[in-house]
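*Asks:* quick one, structure for this:
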Amino acid sequence: MTSESPALPSLDPTPIIPSLDLFSLTGQNVLITGASRGIGAACAVALAQAGANLCLIFRPLPNSTSALADYTVSSIKTLCPNVRVEVVHCDLGNTEDVKTVFPRALEVMGGEIDVFVNCAGIQRRNPAVKFSEEDWDDVMNTNLKSAFLLSQAAGAHMLPRRRGSIIHFASLLSFQGGLTVPAYAAAKGGIAQMVKALANEWSKDNVRVNAVVPGYIKTDMNEKLLADPTRLRQISERIPAGRWGDPADFAGPVVFLASKASQYVCGELLVVDGGWMGR
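*Replies:* The predicted model follows:
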């Protein structure tokens, strides 16, 4: 008699179903950070429109920004009345608070999270020689350490179930150095490498890890660049698409990476930049 070697674990095949059905997220539970405004809000709406139930992670915020978070929730409920929307509050700069997020999200979502989208991030600008240690720690804790801790918790939940998609938001500064943003560049470079490292470990267990890489987008984070006529002209002239991006430009990419449509996409940095990196 001959004995066969046990089959090695591997990524599930792409299901043979109608192509548009590959993009459906009906019945999936999505945990998403940074959804109070901008790209994150647009992604949350897109995921809900694809059928996903949402757990939105919001910071404990002052009234002005809290109104934006409330608007995101009300918009989703209006556009997608059949999906479930829950909210968990967390300061992603507080790593002890971050460690409580996934258990709290599981509790409000009935014990299942199928997709984790990490879109939250902060920015600090200063020349490197003047960049304070406090600002460095704030950016790195919020943009990189919390991203790892949440990914770690997501992996611990998803791996035994052999299903899940994790999507981070990187940056053009994952490839380039930027100007006067040393901590942000370091954190986004770290996100890119973390995505690849986690994908190397988890893809065979049917948990996919990828990142979206935004180019220059009209959001609050870029308000200083948008208000600087010289930098605005310099950047705009270099974008082959002829315009800055809008948050709506990320609806399709995030649904793609969350869904079975990207089943064989692992460890990728999906650049959405109007052609900037190809220039």
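
*Asks:* please make it C-alpha for all contacts and neighbour counts, starting now.
*Replies:* OK.

*Asks:* where does residue 39 land in three-state SS?
*Replies:* What DSSP: H, G, I helix; E, B strand; the rest coil gives for residue 39 is helix.

*Asks:* can you count the residues close to the closest residue to it other than its chain neighbours?
*Replies:* Spatially, and ignoring its direct neighbours in sequence, residue 39 is nearest to residue 247 (4.4 Å; Cα to Cα, 6 or more residues apart in numbering). Neighbourhood size, residue 247 [other Cα atoms under 10 Å]: 17.

*Asks:* what about residue 247, distance to residue 127?
*Replies:* Per Cα to Cα, to the nearest Å, residue 247 is found 28 Å from residue 127.

*Asks:* so which elements touch the strand ranked longest in the chain?
*Replies:* Scanning the chain for the strand with the most residues, using DSSP state E, yields strand 207-214. Where contact means 3 or more Cα pairs under 8 Å, 6 or more residues apart in numbering; DSSP states H and E, strand 207-214 is packed against strand 164-169, helix 182-202, helix 251-258, strand 269-272.

*Asks:* following element in sequence after that strand, please.
*Replies:* Next helix or strand after strand 207-214 toward the C-terminus (DSSP states H and E): helix 223-226.

*Asks:* give the buried residues for that next one.
*Replies:* 225, 226 (16 or more other Cα atoms under 10 Å).

*Asks:* residue ranges in the stretch 1-150 of the chain under the pLDDT threshold?
*Replies:* 1-5, 61-66 (pLDDT under 70).

*Asks:* for residue 36, give its distance to residue 28.
*Replies:* Residue 36 sits 21 Å away from residue 28 when distances are taken as Cα to Cα.

*Asks:* neighbour count winner among these two?
*Replies:* Neighbour count, other Cα under 10 Å: between residue 36 and residue 28, residue 36 has more, with 24 against 21.

*Asks:* ok, the residue nearest to the more buried one when sequence neighbours are not counted - contacts?
*Replies:* Take residue 36 and drop its neighbours on the chain: the residue closest to it by Cα to Cα, 6+ apart is residue 69, 4.2 Å away. With Cα atoms under 8 Å, 6 or more residues apart in numbering as the criterion, the residues that contact residue 69 are 35, 36, 37, 58.

*Asks:* in its sheet, which strands sit next to the host helix or strand of residue 116, and in what direction?
*Replies:* Using DSSP H and E, residue 116 maps to strand 115-118. Taking DSSP bridges as the criterion, strand 115-118 forms sheet pairs with strand 29-33 (parallel), strand 164-169 (parallel).

*Asks:* farthest pair in the contacts of residue 69?
*Replies:* Spanning the widest gap among the contacts of residue 69 are 37 and 58, at 10.2 Å by Cα to Cα.

*Asks:* and those two? Which one has more around it.
*Replies:* Taking other Cα under 10 Å, residue 37 and residue 58 do not tie; residue 58 has more neighbours (22 against 19).

*Asks:* ramachandran angles for the closest residue to the more buried one other than its chain neighbours?
*Replies:* Spatially, and ignoring its direct neighbours in sequence, residue 58 is nearest to residue 89 (4.8 Å; Cα to Cα, 6+ apart). Main-chain dihedrals, residue 89, degrees, to the nearest 10: phi -100, psi 140.

*Asks:* what number of residues are in the vicinity of residue 89?
*Replies:* Applying other Cα under 10 Å, we find 17 other residues in the vicinity of residue 89.

*Asks:* that one and residue 60 touch, don't they?
*Replies:* Yes. Counting by Cα atoms under 8 Å, residue 89 does reach residue 60; the two are 5.9 Å apart.
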